[in-house]
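Q: Predicted model follows, preceded by the sequence.
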Amino acid sequence: MRDDIRIIRSRRKTVSIRIDENLRITVRAPLRMPDGAIRAFIEERSAWIEKNLEKMRERKEEMQPEPEEVLTVEEIRALAKEAADYIPKRVSFYAEKIGVNYGRITIRNQKSRWGSCSGRGNLNFNCLLMLTPPEIIDYVVVHELCHRLEMNHSPYFWAKVECILPDYKNRRKWLKTNGEKIMHRMTTD
C-alpha cells in the first residue's frame, strides 16, 4: 500500500478517496472501520488512484504557463525609469483623493512584492508594475496609500480601498493570477 495516503476517520457510513490539486490522497473512513478493511479498500482502488493521479499530473503540466523571457538588466533599468516617471503622478493623484500624505517614493526591482508602505509613510513600488495594465498599477498605488490610514489588512482597510476602487477585487485577482509570471521575468543576477 502507498505510504503517502492520509486517512481521516469520522462519523460517516461510507469510505471515499479524494485527490486534491496538490496530488495529495485522502481516504475518509467510518470511525469503527478496521485498518485491514481500509487497506483492502485502498488496494482494490489502486489502479483508479494511479490513473487519476496521472490525469491530474498531465492537467497540471498543461496549465503551466509558458515562461516568458527573463528581462535584461537594461530592460529592468528602462522599466525603473518609466516607473519613476509614471508612478509618482498616480500616487499624487490618489493621495489627494484618499486624503493622505506620504514620504519618499522609491522604485525597486523586487522578486516578491509589488509595493510597500513604511510606518513613516515612505512608499516602495516594484518597477515590474510597468508590465501590468494601468488599472493594476492604480490598484497597487491605492493599496499602499490606504496603508497610510490603516497599517494592516483589516475590514476597515479594504473598505477604504473599495471606496476609491469599487472593482478592486477584480484587479487584485488579476494580480494574483498573472503576477507570479511577471515576477519570474526578473533576472537572478
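A: Yep, that arrived. Keep in mind the model is a prediction, meaning the values are calculated, not measured.

Q: after the lowest-mean-pLDDT helix or strand in the chain, next one along is what?
A: Lowest by mean pLDDT, DSSP states H and E among the helices and strands of the chain is helix 46-63, with a mean of 84. Note on helix 46-63: by DSSP states H and E, the next helix or strand toward the C-terminus is helix 73-98.

Q: Go through that next one and flag the buried ones.
A: I76, L79, A80, A83, Y86, I87, P88, R90, V91, Y94, A95, I98 (16 or more other Cβ atoms under 10 Å). C-beta here means a position set from N, CA and C on the backbone, and glycine is covered the same way.

Q: Which strands border the following helix or strand past it, and is each parallel or antiparallel?
A: As assigned by DSSP H and E, the chain's next helix or strand after helix 73-98 is strand 105-108. Applying DSSP bridges, strand 105-108 is found paired with strand 123-126 (parallel).

Q: S118 contacts T106, doesn't it?
A: No: counting by Cβ atoms under 8 Å, S118 stays clear of T106, with 9.8 Å between them.

Q: between these two, what contacts are shared?
A: Counting by Cβ atoms under 8 Å, 6 or more residues apart in numbering, the shared contacts of S118 and T106 are N124.

Q: higher neighbour count, the two?
A: Using other Cβ atoms under 10 Å, the more surrounded residue of S118 and T106 is S118, with 15 against 12.

Q: Contacts for the least confident helix or strand of the chain, please.
A: The contact list for helix 46-63, computed with Cβ under 8 Å, 6+ apart, reads R2, I17, I19, E21, L23, I25, I42.

Q: same thing but 7 Å
A: Outside helix 46-63, the residues that touch it by Cβ atoms under 7 Å, 6 or more residues apart in numbering are I17, I19, L23, I25.

Q: now the chain, which segments are flagged as low pLDDT?
A: Scanning the chain with the threshold set as pLDDT under 70 gives 1, 62-68, 187-189.

Q: Next up, the contacts around the residue nearest to L131 when sequence neighbours are not counted.
A: Spatial nearest neighbour of L131, excluding adjacent residues (Cβ to Cβ, 6 or more residues apart in numbering): I182 at 5.2 Å. Counting by Cβ under 7 Å, 6+ apart, I182 touches L128, L131, T132.

Q: Just the buried ones from those?
A: L128, L131, T132.

Q: picking up where we left off before, ok, which pair from the contacts of helix 46-63 is furthest apart?
A: For those, the maximum inter-member distance is 12.9 Å, found between I17 and L23 (Cβ to Cβ).

Q: So for the two, which sits in the more crowded spot?
A: The neighbour comparison of I17 against L23 (other Cβ under 10 Å) goes to I17, with 16 against 12.

Q: three-state assignment of that one?
A: Secondary structure for I17, judged by DSSP: H, G, I helix; E, B strand; the rest coil, is strand.

Q: how near is the residue lying closest to it once chain neighbours are set aside to N52?
A: Leaving aside its chain neighbours, I17 sits nearest to V27 (5.4 Å; criterion: Cβ to Cβ, 6+ apart). Counting by Cβ to Cβ, to the nearest Å, the separation of V27 from N52 is 13 Å.
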